[in-house]
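**Student:** Any chance you can model this:
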Amino acid sequence: MPLDHLLHNISQCDICKSHLPLGPRPVVTANTNSKIVIIGQAPGTKVHASGIPWDDQSGKKLRQWLDVSDEDFYDTTKFAIIPMGFCYPGKAKTGDLPPRKECAPQWHDDLFKNMPHVELVILIGAYAQKYYLKEQAKKTLTETVSEYESYLPKYFPIPHPSPTNRFWRAKNPWFEESIVPILKDKVQEIINGK
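**Tutor:** Below you'll find the model as predicted:
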């Protein structure tokens with residue numbers, strides 16, 4: 001199925017409508033020329049309202065980590081943004097509920113089939129890492145992220161840039177000191193075609 005049809009079908013998706021407190025509003029971007037795929041968790045309320053992926057504090061931090069402008073980040077020939085759950089899943093005691101399990105098996109394979117130029121998949125958070133790395137994911141996100149080299153050149157696992165994750169970042173300064181510079185270089189190489 002051509003990508004524009006697929007994205008249209010995704011925009012109409014309501015397979016888990018009865019579980020979504022704010023109703024379906026799938027947020028996903030892709031282009032047949034996308035070079036990097038960002039796979040996060042699910043949109044929060046701000047992104048649900050705007051329909052723009054990573055249009056929040058988490059997105060600001062993510063763009064800092066990748067060292068990209070908003071213009072580059074939202075250029076679909078550079079980045080496809082495909083969350084594990086395409087719609088806001090609802091509130092949990094701390095943060096949001098996990099992404100709905102229906103989206104990735106329903107749509108991810110078809111999206112990837114339409115993006116033959118992908119050079120890197122950035123896996124943000126444990127849900128994306130467990131789904132894509134399967135038994136190669138370590139016991140904890142911290143271990144998976146610290147062993148990022150073993151997943152290259154295809155995958156680059158990172159923690160979630162959410163403000164609610166600031167305690168993890170404070171406890172693990174090595175991530176921003178040692179790994180973020182490598183991530184930035186890799187992203188710049190790919191989007192600038194070096």
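
**Student:** which residues in the chain form helices?
**Tutor:** Counting by DSSP state H, the chain has helices at residues 3-11, 45-50, 57-66, 70-73, 103, 109-113, 126-133, 141-146, 166-171, 174, 180-191.

**Student:** Let's have those in JSON lines, adding mean neighbour count.
**Tutor:** Where C-beta positions appear, they are placed from N, C-alpha and C, glycine not excepted. Formatted as JSON lines, these follow (neighbours: other C-beta atoms under 10 Å):
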{"stretch": "helix 3-11", "mean neighbour count": "15"}
{"stretch": "helix 45-50", "mean neighbour count": "16"}
{"stretch": "helix 57-66", "mean neighbour count": "18"}
{"stretch": "helix 70-73", "mean neighbour count": "14"}
{"stretch": "helix 103", "mean neighbour count": "23"}
{"stretch": "helix 109-113", "mean neighbour count": "14"}
{"stretch": "helix 126-133", "mean neighbour count": "20"}
{"stretch": "helix 141-146", "mean neighbour count": "18"}
{"stretch": "helix 166-171", "mean neighbour count": "11"}
{"stretch": "helix 174", "mean neighbour count": "12"}
{"stretch": "helix 180-191", "mean neighbour count": "16"}
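
**Student:** can you redo these as a markdown table with mean pLDDT and distance to Asn31?
**Tutor:** Rendered in a markdown table, the data for the helices of the chain read as follows (pLDDT from 0 to 100; distance: least, C-beta to C-beta, whole Å):
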| stretch | mean pLDDT | distance to Asn31 |
| --- | --- | --- |
| helix 3-11 | 97 | 7 |
| helix 45-50 | 94 | 19 |
| helix 57-66 | 97 | 17 |
| helix 70-73 | 98 | 13 |
| helix 103 | 96 | 19 |
| helix 109-113 | 98 | 11 |
| helix 126-133 | 98 | 20 |
| helix 141-146 | 98 | 28 |
| helix 166-171 | 95 | 31 |
| helix 174 | 98 | 34 |
| helix 180-191 | 98 | 13 |
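
**Student:** Ok, which of those helices comes nearest Leu120?
**Tutor:** Across the helices of the chain, Leu120 has its closest neighbour in helix 180-191 (5.8 Å, C-beta to C-beta).

**Student:** If you count contacts, what does the closest one end up packed against?
**Tutor:** Helices and strands touching helix 180-191, as assessed by 3 or more C-beta pairs under 8 Å, 6 or more residues apart in numbering; DSSP states H and E, comprise strand 36-39, helix 57-66, strand 120-124, strand 155-158.

**Student:** circling back to that earlier point, columns distance to Lys91 on top of the helices of the chain, output as a markdown table?
**Tutor:** Shown next, in a markdown table, are the helices of the chain (distance: least, C-beta to C-beta, whole Å):
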| stretch | distance to Lys91 |
| --- | --- |
| helix 3-11 | 24 |
| helix 45-50 | 8 |
| helix 57-66 | 16 |
| helix 70-73 | 27 |
| helix 103 | 19 |
| helix 109-113 | 27 |
| helix 126-133 | 17 |
| helix 141-146 | 22 |
| helix 166-171 | 19 |
| helix 174 | 32 |
| helix 180-191 | 30 |
